[in-house]
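*Asks:* I would like the atomic coordinates for the input below:
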Amino acid sequence: ADLRVIESVADLQKGEYAIAFRISSDGDFHYVKRNRMGLWTHKRGASPTIRIMRKAEVFSSAWCDRYEGRIVLFAKKSS
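*Replies:* Sure, this is the predicted structure:
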């Protein structure tokens, strides 16, 4: 109930943040989160480091040279 599919970040409502999700050709998945300041961040696998992903990279043809599936955007209610 606190997660919905959206077409663009312009569809976000007050109290929501965006999540972009995509899969790789082998079925692995990855997501990035857009914070209140508009920065996209992500964390890869077992790595403890959260990194910033530029907006241009978020909407590029692939993430991390691996995730090339269709991008699905979600709106998530902040807790």
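*Asks:* For the rest of this, base every contact and every neighbour count on C-alpha atoms.
*Replies:* OK.
*Asks:* Return the list of strands paired to the longest strand belonging to the chain, each annotated with direction.
*Replies:* Counting residues, the longest strand found in the chain (DSSP state E) is strand 16-23. Next to strand 16-23 in the sheet, as set by DSSP bridges, lie strand 29-34 (antiparallel), strand 72-77 (antiparallel).
*Asks:* Not including adjacent chain positions, what is the nearest residue to residue 62?
*Replies:* Spatial nearest neighbour of residue 62, excluding adjacent residues (C-alpha to C-alpha, 6 or more residues apart in numbering): residue 68 at 4.5 Å.
*Asks:* what's the distance between that neighbour and residue 44?
*Replies:* The gap separating residue 68 from residue 44 is 15 Å, by C-alpha to C-alpha, to the nearest Å.
*Asks:* Name the nearest residue to residue 59, sequence neighbours excluded.
*Replies:* residue 71 (7.8 Å).
*Asks:* what about residue 57, which helix or strand?
*Replies:* Residue 57 belongs to helix 55-58 when assigned by DSSP states H and E.
*Asks:* and the closest residue to residue 36 other than its chain neighbours, how many neighbours does it have?
*Replies:* Of all residues not flanking residue 36 in the chain, residue 17 sits nearest, at 7.2 Å (C-alpha to C-alpha, 6+ apart). Neighbours of residue 17 under the rule other C-alpha atoms under 10 Å: 19.
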